[in-house]
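Asks: I'll drop the sequence and a predicted model, then ask my questions.
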Amino acid sequence: MAALQAQKAFSAAAGRSSVRAAPSRGALVCRAAADRKLWAPSVDAPNYLNGELAGDYGFDPLGLGADPVALKWYRQSELVHARWAMLGVAGVLGQEILRPDVFWYEAGEPQNLPGPFQNVNMGGLLAWEFLLMHWVEVRRWQDYKNFGSVNEDPIFKGYKVPNTEMGYPGGIFDPLGFSKGNLKELQTKEIKNGR
């Protein structure tokens, strides 16, 4: 709109008659999308990124999210990786505060561990970690394929999580009741902090 007004003013100043072009459908889409935050000024978001997802700023230059099934999986992957990244930063900061004499990258070496943990078999610990993480990831994959199918505890039957949206289980995982407020805003903050 501003460009059309500038062109009209320039044409009038140059002494030429201005011809007003009929607004195209693309111009209407751009004006409607101007109300939404995008990753860069004056860019058009792909039509499959319509702002419904938390933290969606229309950034997908390779078109990886064009497939709705893939976009759903990418969203869950981004959420899990963002949470791991935030936990990692908290771990690094905690270690730097508790033991500032040890560089965070060397904190996991056996000689830097607290007394009872110095003789731990790191290979066995890694194997247990691999098995437990595999179990958690398989459960997450099952929930992705059949949403709500893993909401019940597999060992203690009867304990369920009120999972209203994939990736946000609520219940015991929301002890402060944040999900009862503006959940969309909190989801956006979580993704932004994780990125």
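Replies: Yep, it's here. Bear in mind the structure is a predicted one, so any value in this text is a computation, not a measurement.
Asks: nearest spatial neighbour of Glu152, chain-adjacent residues omitted?
Replies: Once flanking residues are discounted, Glu152 sits nearest to Lys160: 5.0 Å by Cβ to Cβ, 6 or more residues apart in numbering. (C-beta placed from N, C-alpha, C; glycine too.)
Asks: so Glu52, which of the three states?
Replies: coil (DSSP: H, G, I helix; E, B strand; the rest coil).
Asks: going forward can the numbers begin at 400, since that is how I track them
Replies: Okay, using 400 as the starting number, the last item reads as Glu451.
Asks: got the residue ranges for the helices in this protein?
Replies: 401-412, 424-432, 467-497, 521-544, 582-593 (DSSP state H).
Asks: I'd like the ones you listed as JSON lines, with mean pLDDT appended.
Replies: Formatted as JSON lines, the helices of the chain follow (pLDDT from 0 to 100):
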{"stretch": "helix 401-412", "mean pLDDT": "49"}
{"stretch": "helix 424-432", "mean pLDDT": "49"}
{"stretch": "helix 467-497", "mean pLDDT": "90"}
{"stretch": "helix 521-544", "mean pLDDT": "88"}
{"stretch": "helix 582-593", "mean pLDDT": "87"}
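Asks: can you tell me which of those helices is packed in deepest?
Replies: Most buried of the helices of the chain by mean neighbour count (mean count of other Cβ atoms under 10 Å) is helix 582-593; its value is a mean of 15.
Asks: so what does it touch, helix or strand wise?
Replies: helix 467-497 (3 or more Cβ pairs under 8 Å, 6 or more residues apart in numbering; DSSP states H and E).
Asks: which residues sit against stretch 520-533?
Replies: Residues outside stretch 520-533 that contact it (Cβ atoms under 8 Å, 6 or more residues apart in numbering): Pro509.
Asks: repeat the analysis, applying 10 Å as the threshold.
Replies: Contact partners of stretch 520-533, identified using Cβ atoms under 10 Å, 6 or more residues apart in numbering, comprise 507-509, 512, 516.
Asks: again, but for stretch 451-462
Replies: 432, 435-439, 442-450, 464-465, 470-471, 473-474, 477-478, 481, 566-567, 582-594.
Asks: mean confidence for that stretch?
Replies: The average of the pLDDT scores along stretch 451-462 is 87.
Asks: how close does the residue nearest to Glu477 when sequence neighbours are not counted get to Ala444?
Replies: Closest residue to Glu477 apart from its sequence neighbours, by Cβ to Cβ, 6+ apart: Ile590 at 7.0 Å. Note on Ile590: its distance to Ala444, by Cβ to Cβ, to the nearest Å, is 16 Å.
Asks: ok, Leu585 touching Ser578?
Replies: Yes - the criterion here is Cβ atoms under 10 Å, and Leu585 meets it with Ser578 at 7.8 Å.
Asks: what sits in contact with each of the two?
Replies: What both Leu585 and Ser578 touch, as defined by Cβ under 10 Å, 6+ apart, is the set Tyr567.
Asks: re the thing from before, tabulate the helices of the chain (a markdown table), appending distance to Asn550.
Replies: Listed next are those as a markdown table, based on distance: least, Cβ to Cβ, whole Å:
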| stretch | distance to Asn550 |
| --- | --- |
| helix 401-412 | 51 |
| helix 424-432 | 37 |
| helix 467-497 | 15 |
| helix 521-544 | 8 |
| helix 582-593 | 18 |
